[in-house]
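Enquirer: sequence plus predicted model, see below.
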Amino acid sequence: MILLEVLLLAFLVFCALAAIFCRRLVSAVIIFMAYSAVMSLVWFLLESPDLAVTEAAVGAGVTSLLFFLTLRKINGLRGMERDES
């Protein structure tokens, strides 16, 4: 169990650093979503299911949706079309 917690915490640190040094905004938002999903698992392992559900709903759900809407508004998603072709 402790090994799982250490791996999750290491992944959280990796996601935080990756989001900081990421060059594309879309990638940073996706990394933020992964960070929030893993953080909800950590809250669940710490026996706080209310915080786990809140983190999953708000952190990985609503906040990420708002980030994507903001990127669409500022045309930050335009670079994705070039990457796909």
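Expert: Received the coordinates, thanks. Numbers count the residues shown, from 1 in each chain.
Enquirer: now do the helices in the protein.
Expert: With DSSP state H, the ranges of helices along the chain come out as 2-21, 25-45, 49-54, 63-73, 78-84.
Enquirer: Leu8 and Leu41 touch, don't they?
Expert: Yes: between Leu8 and Leu41 a contact is recorded at 6.1 Å, counting by C-beta atoms under 8 Å. Yep, even glycine has a C-beta here, placed from its N, CA and C like the rest.
Enquirer: how many residues are close by Phe44?
Expert: 15 (other C-beta atoms under 10 Å).
Enquirer: residue ranges with poor pLDDT in the protein?
Expert: Low-confidence segments of the chain (pLDDT under 70): 79-85.
Enquirer: for Leu25, list the residues it contacts.
Expert: Residues near Leu25 by C-beta atoms under 8 Å, 6 or more residues apart in numbering: Leu71, Gly76.
Enquirer: looking at Leu8 and Leu41, which has the bigger crowd around it?
Expert: More neighbours surround Leu41 than the other of Leu8 and Leu41, with 17 against 14 (other C-beta under 10 Å).
Enquirer: wait, the more buried one sits on Ala52?
Expert: Yes: using C-beta under 8 Å, Leu41 makes contact with Ala52 at a distance of 7.3 Å.
Enquirer: just the helices of the chain: most buried one?
Expert: Among the helices of the chain, ranked by average contacts under mean count of other C-beta atoms under 10 Å, first place goes to helix 25-45 (a mean of 18).
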